[in-house]
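>>> below are the sequence and a predicted model; questions follow.
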Amino acid sequence: MASARKKIQVLRKLLKKIRTNRAAKKQWKSESHPRYSSGKFKPKNGSGLNPSTPRFTAITSAPTESDREQWMEAREQPIPEGTPQILVDRFRDNVAMSRSVLLTTRRDPAGFRGVRDAGGNLQAGATITNERDHIFIDTFATAPWNVFRTSPKSVRDAGKVLLAEIVKESINKGHKGEIRLSSLPGSASFYMRIGLVEDDDSGEMILSSQNAREFLRDVQSFRHKSDSL
């Protein structure tokens, strides 16, 4: 898994050279930003699920050949005309990360975590490593059709639901919900909204135990509201 982590970090550095979002990161890290207090990031209110989020089932079994074929086919979808550049960049990041998820899972199926919708579609997947005091997410991707949301399979919040499941696993393993990962530039804002903060020394993004608890409360609150509708 260490080799997979290094590949992600190398890919991250290369993409940063081509397309950086330093201005956006400066806004998030500004001391005057309302979600910062004494240098500690505060998760955004409403960082939980959208009320229209479908029900998901968490899985630990490796993707099937059908899952792989569906994701590979979705990666070949044409980019809709007039798509904003930010979505184009996000899709290209997704293509790289979804490929990494599937490749890494072939080598280490035991490290796979994912979520399926009611129709059985694999909507998000990740590979993880259980470290001494945290869980490291080696690869993480939502299904490619969730970027443009033009497919009948497209859903909202699959990535958040999967991340919440990994946070709960971190708690169950005695890590107090702490997770770490290496994010591509285009995905950083997603993780920041949840509560992860970039470590300046390692470049990794870290979800502290406090922010993990707040994130889970948001997710559980939205799930409860959705179930009561």
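Received, thanks.

>>> going forward, measure contacts between C-alpha atoms and count neighbours the same way
Will do.

>>> and the longest helix seen in the chain, what's buried?
When the chain is scanned for its longest helix (criterion: DSSP state H), the result is helix 85-107. Of all the residues in helix 85-107, those buried under the rule 16 or more other CA atoms under 10 Å are 88, 90-91, 93-95, 97-102, 104-105.

>>> nearest to residue 166 among the residues you listed?
Taking CA to CA as the measure, residue 166 sits nearest to residue 101 out of the buried residues of helix 85-107, at 15.1 Å.

>>> excluding chain neighbours, what is closest to that closest one?
Leaving aside its chain neighbours, residue 101 sits nearest to residue 139 (5.4 Å; criterion: CA to CA, 6 or more residues apart in numbering).

>>> again with residue 126
On the basis of CA to CA, 6+ apart, the spatially nearest residue to residue 126 that is not a chain neighbour turns out to be residue 140, at 4.2 Å.

>>> quick check: next helix or strand after whatever helix or strand that neighbour lives in?
Secondary-structure element containing residue 140, defined by DSSP states H and E: strand 135-142. From strand 135-142 onward toward the C-terminus, using DSSP H and E, the following helix or strand is helix 145-148.

>>> angle of the longest helix of the chain against strand 135-142?
120 degrees (axes from the mean of the first three to the mean of the last three CA atoms, to 10 degrees).

>>> could you list every helix and strand that helix 85-107 packs against?
helix 65-75, strand 122-130, strand 135-142, helix 145-148 (3 or more CA pairs under 8 Å, 6 or more residues apart in numbering; DSSP states H and E).

>>> nice, that's everything, thank you.
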